[in-house]
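Asks: this is a predicted model, with the sequence first.
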Amino acid sequence: MVDEQRNRRFWMETAIIFAAWAVFGLLLANQSYVQAALGGRQMPVVTALRPGLLEAFLWALTTLVIFWLARRFPLEKGRVFRGIAVHLVSAVLIALARSGVMVVLPWYVEWIRPRIFGPQFWGTSSQNFLFYALLLGIAHLVLYYRRYREREQAAEQLARGLTEARLQALKMQLQPHFLFNTLNAISALIPAEAKPARRMVARLGDLLRTTLEHEATQEVTLREELAFLEPYLEIEQARMEDRLTVVMNIAPETLDARVPHLILQPLVENAVRHGIAARIEPGTVEISASRGPDDRFLQLEIRNDGRGPNRNNERDLEASPRRGVGLTNIRSRLEQLYGGEHRFTLENQAGGGVLVRISIPFRRAERPAP
């Protein structure tokens, strides 16, 4: 689908370029015809058309090359000097190539007057360099507009996905105050000596309250995400007792990094549900956060030492109805937030268990003004 859209866009762009230069060639032909008429000479239409259309055809081919070079070597932050060097060399090479073509063509086309390479090159170099600069500017305008439209479409998709998530959350919430009041009532009915049960109800209330408070949030700090994960882990450890061990390996410098909200909890839940709860033996879930090798990326890993994913593992993850659990939803959110700058993998470990690895750009959250 993507290749088909790219091919359609390429042929559309090529057609527009040739059409625009065809108009330019017709204007040149009209100019030659009018000048001949003013000078008292009768010029056949074909004779007037041929030079203009030939010039237009050569410039159309040149434009395709310049547009390709603009996409391949854009003049943008971090690559300006390399781009300038490439385009200076390209402008000279294109000017040489155009002069060479005009010198060789008279050997095969009789109505083109013979030319000598030196005078042809120096006589048209200023025009060639000027046209190269103009076409390079147009190519960058097209490139920036296309990127703007892609970002705008991605923002629209993100907003549409957020709206759908809100609607789904509203359907699940019913009345939040009623839910919290009910939990408080249940907690009051539990005997005072049953402290673990009361603790679980309280942590469940904390988990639900945090979910509702951040319902419209796309990104939070890793510190906040781990704080949200804490009540869920406490509930699971109380439920599974000694069968679940949680190990945290969080680099301190990553705590202020921005991460998608609700990205860890569904993956940790999947690790517990598929790797630990599905067996009798105790197991370990390890959560890690570190900077990438070049410090540009944040690496998040969720690992369990239970059974590895079978063919139905991803399908099981997708089948959960709760928001944010589906693997497709997680991938979609990462794609919308970070585009091609993220990596998301789910793989078996050699010694058993599953490793989920997420790599996203490291962006430190802005601290609130004091």
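Replies: Perfect, I can see it now.

Asks: list the residues that contact residue 305.
Replies: When contacts are counted by CB atoms under 8 Å, 6 or more residues apart in numbering, residue 305 is found next to 275, 283, 284, 349, 351, 352, 353. Using the backbone N, CA and C atoms, a C-beta is placed for each residue, glycine as well.

Asks: and the strands in the stretch 101-250 of the chain?
Replies: Assigned by DSSP state E, counting those that start in this stretch, the stretch 101-250 of the chain shows strands spanning 219-221, 244-250.

Asks: tell me the buried residues in the longest one?
Replies: Of the residues in strand 244-250, those buried under the neighbour-count criterion (16 or more other CB atoms under 10 Å) are 244, 246.

Asks: can you spell out which helices and strands pack onto that strand?
Replies: helix 222-240, strand 283-291 (3 or more CB pairs under 8 Å, 6 or more residues apart in numbering; DSSP states H and E).

Asks: and the shortest one, what does it pack onto?
Replies: What that stands for is strand 283-291. Counting by 3+ CB pairs under 8 Å, 6+ apart, the packing neighbours recorded for strand 283-291 are helix 222-240, strand 244-250, helix 264-271, strand 297-304.

Asks: with respect to residue 67, which of those lies nearest?
Replies: Nearest to residue 67 among the helices and strands packed on strand 283-291 is strand 297-304; the distance by CB to CB comes to 31.9 Å.

Asks: for the residue in the chain sticking out farthest from the centre, which three-state class applies?
Replies: Relative to the centre of the chain, the most outlying C-alpha is that of residue 40, 62.8 Å out, by CA atoms, centre = their mean. When states are read from DSSP: H, G, I helix; E, B strand; the rest coil, the local structure at residue 40 comes out as coil.

Asks: of the strands of the stretch 101-250 of the chain, which is nearest residue 262?
Replies: Closest to residue 262 of the strands of the stretch 101-250 of the chain, according to CB to CB: strand 219-221, at 8.9 Å.

Asks: including distance to residue 133 and neighbour count, could the contacts of residue 305 go into CSV?
Replies: As requested, the contacts of residue 305 are arranged in CSV below (distance: CB to CB, whole Å; neighbours: other CB atoms under 10 Å):
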residue, distance to residue 133, neighbour count
275, 60, 24
283, 65, 22
284, 62, 16
349, 56, 13
351, 60, 7
352, 62, 13
353, 59, 22
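
Asks: from these, which is closest to residue 252?
Replies: Out of those, the member with the shortest distance to residue 252 (by CB to CB) is residue 284, at 22.2 Å.

Asks: so what's the closest one up against?
Replies: When contacts are counted by CB under 8 Å, 6+ apart, residue 284 touches 244, 245, 246, 247, 304, 305.

Asks: part of a strand, is residue 352?
Replies: No - read with three-state DSSP, residue 352 is coil and lies in no strand.
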